[in-house]
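Participant: Whatever this is, show me its structure:
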Amino acid sequence: MVFLNSAILIWIYMTVWYLVSIVKKRNDIVDTAWGIGFIFVTIFNLIFSPGIKLIISLVLILVWGTRLAFHIYNRNNNKKEDYRYEQWKNNAYLKVFITQGFFMWLICWPILFSSGSFNLFNYLGIMIWIIGFYFEATADTQLKEFIRNPENKGRIMQGGLWAYSRHPNYFGEVTMWWGIWLLNFGSNWWTMVGPLTITFLILKVSGVPLLEKKYEGNKEFEDYKKRVSVFIPWWSKK
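Facilitator: Just a heads-up that it's a prediction; the model follows:
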């Protein structure tokens, strides 16, 4: 039943946000809904399957989801709609909201099927999540400060964590979900579909590829691209 109940919950949640997007006349509001959705799903599952792993997961996801939602809302507020959503103006309900809801459901599998007693893998998961959260939150803050400076208009962020990865915030996002998987791991290897889904989406679909394409041909970015790792943080080439 957890398969069906969680799917229905996410469907209702995304439908409500679709109605909000109609009022706001912008589909990128779904990015604000993203982090909050995982909080609701975790609370829902904790009610029916209480356990220490899910309690810790809720705390971590609450911290991550709340920060991300506020960050994206403040970033997009009073600005033009995110360019990534311009191609999905028609039939946005299915192409944007239901599609993201489906991926949310897949990513939630480690939470929905948390099992077993606390073990070494679970402690490791918490440590990995902390590392991921540090990368995402710090990289977002560094980029925000960089953009805020008018002298940097049109330039490429290359300092801080961005000197070691072209997408340190995305690296942090992926790392956190691998941490959540390990935190809820028991004997349920197949729930690995959760972190694999977010890894695939960010590396191959809507994260890294779109931003790399956006700056393609930019001389400063092309030089940056030759020196700095695309995803996993590493020392830059001379």
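
Participant: C-alpha from now on. contacts and neighbour counts both.
Facilitator: OK.

Participant: in the chain, which spans are helices?
Facilitator: For the chain, the helices defined by DSSP state H occupy 2-24, 29-48, 52-76, 92, 99-107, 109-112, 120-148, 168-183, 193-200, 208-214, 219-227.

Participant: In terms of secondary structure, what does the first one contact?
Facilitator: Helices and strands touching helix 2-24, by 3 or more Cα pairs under 8 Å, 6 or more residues apart in numbering; DSSP states H and E, are helix 29-48, helix 99-107, helix 109-112.

Participant: now those helices in TSV, with mean pLDDT?
Facilitator: Below are the helices and strands packed on helix 2-24 laid out as TSV (pLDDT from 0 to 100):
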stretch	mean pLDDT
helix 29-48	95
helix 99-107	97
helix 109-112	95
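
Participant: For Val20, find the nearest of the ones you listed.
Facilitator: Checking the helices and strands packed on helix 2-24 against Val20 by Cα to Cα gives helix 29-48 as the closest, at 8.2 Å.

Participant: what's in contact with that closest one?
Facilitator: 6, 9-10, 13, 17-18, 21, 54-55, 57-58, 61-62, 64-66, 68-70, 72-73, 96-97, 104, 108, 111-112 (Cα atoms under 8 Å, 6 or more residues apart in numbering).

Participant: From the centroid of this protein, which residue is nearest?
Facilitator: The residue lying closest to the centre of the chain (Cα atoms, centre = their mean) is Glu173, at 5.0 Å.

Participant: Roughly how far does that one sit from Gly207?
Facilitator: Separation of Glu173 from Gly207 (Cα to Cα, to the nearest Å): 11 Å.

Participant: same thing with Glu145?
Facilitator: Applying Cα to Cα to Glu145 and Gly207 gives a distance of 21 Å.

Participant: what about these two, which has more around it?
Facilitator: Between Glu145 and Gly207, counting by other Cα atoms under 10 Å, Gly207 is the more crowded of the two (16 against 11).

Participant: Next one: the more buried one from Ser49, what distance?
Facilitator: Gly207 is 33 Å from Ser49, by Cα to Cα.

Participant: Got the domain ranges for this structure?
Facilitator: Domain segmentation of the chain under automatic domain parsing yields 1-114, 118-238.

Participant: chain center to stretch 40-48: distance?
Facilitator: 19 Å (Cα atoms, centre = their mean, to the nearest Å).

Participant: do the same with stretch 102-121
Facilitator: 16 Å.

Participant: hmm, who's touching that stretch?
Facilitator: 2-3, 6-7, 10, 34, 37-38, 41-42, 45, 53-54, 57, 180-188, 191-195, 197-198.

Participant: what's the span of it, first residue to last?
Facilitator: So stretch 102-121: terminal residues 27 Å apart, Cα to Cα.

Participant: Tell me the buried residues in it?
Facilitator: By neighbour count on 16 or more other Cα atoms under 10 Å, the buried set for stretch 102-121 is 104-115, 121.

Participant: Can you lay out the residues you listed as JSON lines showing distance to Asn91?
Facilitator: Formatted as JSON lines, the buried residues of stretch 102-121 follow (distance: Cα to Cα, whole Å):
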{"residue": "Met104", "distance to Asn91": "19"}
{"residue": "Trp105", "distance to Asn91": "21"}
{"residue": "Leu106", "distance to Asn91": "22"}
{"residue": "Ile107", "distance to Asn91": "24"}
{"residue": "Cys108", "distance to Asn91": "25"}
{"residue": "Trp109", "distance to Asn91": "27"}
{"residue": "Pro110", "distance to Asn91": "30"}
{"residue": "Ile111", "distance to Asn91": "30"}
{"residue": "Leu112", "distance to Asn91": "29"}
{"residue": "Phe113", "distance to Asn91": "32"}
{"residue": "Ser114", "distance to Asn91": "35"}
{"residue": "Ser115", "distance to Asn91": "38"}
{"residue": "Phe121", "distance to Asn91": "42"}
